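Undergrad: need a structure here:
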Amino acid sequence: MPAHILAFSALTVPLAAWWWPKRPARVPRAWAAGLLASVGAALFGISALLLKAGAVGWDESLFRFLNDVPPAGASVLSPLSHLFLPAGIVIVLVLAAACVVAISRSIMPVAAVAVAAGAAWALANLAKAMADRPRPYEVIAGALLRQQPAHGTSFPSSHTAITVAVVIALLPFLPRAMAGVVIAYAVLVGWSRVYLGVHYPLDILAGAGIGIAVGGVTMLALGMLLHHHTGPSATGKDAVAQPPGRPAR
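TA: Purely as a prediction, here's the structure:
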């Protein structure tokens, strides 16, 4: 066999071996993943309708409550909030993805994260262009801005959308204890955007809705991929033998 074919085979075999997870993935059934996506879409839709109807008085009041923290509390919360700035979010999510790859010995979670993050980013920025809502620190007197002025418009929160989508995409591959940690981190990312003064609570709900919807669709796709794969690396167990005369799936 020619040397270049042997070299190509030597490269593709390890890559293929790293595609399917070696540790069983906890992917929900199709109806559950679809329900999750529907809940996310409904959450975003309700948030958009409230904004369009101008029913945002409660939103501004809740923003003031979460943003106007006494100095004693701010001295503790401000250093903590640095974990939820863009650089901190990237570092945390990359570390979580790296842990998942090490645990599952698979690059499938990385592909799921990339697709989920890209879809959430695109949908959030499309919604931003349509809503064109000013940032709270631009229109609310006394609003505290605790970071550099943000780019773009306020509704929805793209940081929240991307973080939630990535966390949900990682959940099937994470141990339960670690799953609780990353879910808590996603919640704190949403809180931080209000505390830092760059988003209203309604923006966070809308961003979470996008993230949940994208995450649900990602889980649905993962479930379809893993369901149709019968090799031992998909389930962590030996493949189930097919009955005589029945074609392998």
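
Undergrad: can I have stretch 215-225 written out in PDB, keeping just the CAs?
TA: Provided in PDB are the C-alpha atoms of stretch 215-225 (Å, rounded to 0.1, in the frame of the first residue of the first chain):
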ATOM      1  CA  GLY A 215     -29.400  23.700  24.100                       C
ATOM      2  CA  GLY A 216     -32.600  21.600  23.700                       C
ATOM      3  CA  VAL A 217     -32.100  21.400  19.900                       C
ATOM      4  CA  THR A 218     -28.400  20.400  20.500                       C
ATOM      5  CA  MET A 219     -29.500  17.700  23.000                       C
ATOM      6  CA  LEU A 220     -32.000  16.400  20.400                       C
ATOM      7  CA  ALA A 221     -29.300  16.200  17.800                       C
ATOM      8  CA  LEU A 222     -26.900  14.500  20.200                       C
ATOM      9  CA  GLY A 223     -29.600  12.000  21.100                       C
ATOM     10  CA  MET A 224     -30.200  11.100  17.400                       C
ATOM     11  CA  LEU A 225     -26.500  10.700  16.800                       C
END
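
Undergrad: buried residues in it?
TA: Going by neighbour count (16 or more other C-beta atoms under 10 Å), the buried part of stretch 215-225 is 215-223, 225. For glycine as for every other residue, the C-beta is placed from the backbone atoms N, C-alpha and C.

Undergrad: Just send these back as JSON lines, with secondary structure, distance to H82 and pLDDT too.
TA: Below are the buried residues of stretch 215-225 laid out as JSON lines (DSSP: H, G, I helix; E, B strand; the rest coil; distance: C-beta to C-beta, whole Å; pLDDT from 0 to 100):
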{"residue": "G215", "secondary structure": "helix", "distance to H82": "26", "pLDDT": "97"}
{"residue": "G216", "secondary structure": "helix", "distance to H82": "31", "pLDDT": "97"}
{"residue": "V217", "secondary structure": "helix", "distance to H82": "32", "pLDDT": "97"}
{"residue": "T218", "secondary structure": "helix", "distance to H82": "29", "pLDDT": "96"}
{"residue": "M219", "secondary structure": "helix", "distance to H82": "31", "pLDDT": "95"}
{"residue": "L220", "secondary structure": "helix", "distance to H82": "35", "pLDDT": "94"}
{"residue": "A221", "secondary structure": "helix", "distance to H82": "34", "pLDDT": "93"}
{"residue": "L222", "secondary structure": "helix", "distance to H82": "32", "pLDDT": "91"}
{"residue": "G223", "secondary structure": "helix", "distance to H82": "36", "pLDDT": "89"}
{"residue": "L225", "secondary structure": "helix", "distance to H82": "37", "pLDDT": "85"}
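
Undergrad: Which single one of the residues you listed is nearest to S104?
TA: Nearest to S104 among the buried residues of stretch 215-225 is L222, at 11.8 Å by C-beta to C-beta.

Undergrad: Apart from its neighbours in sequence, what residue is nearest that closest one?
TA: V27 (5.2 Å; C-beta to C-beta, 6 or more residues apart in numbering).

Undergrad: Isn't that neighbour up against M224?
TA: No - taking contacts as C-beta atoms under 8 Å, V27 lies outside contact range of M224: 9.2 Å.

Undergrad: centre of the chain versus stretch 78-89, how much separation?
TA: 17 Å (C-alpha atoms, centre = their mean, to the nearest Å).
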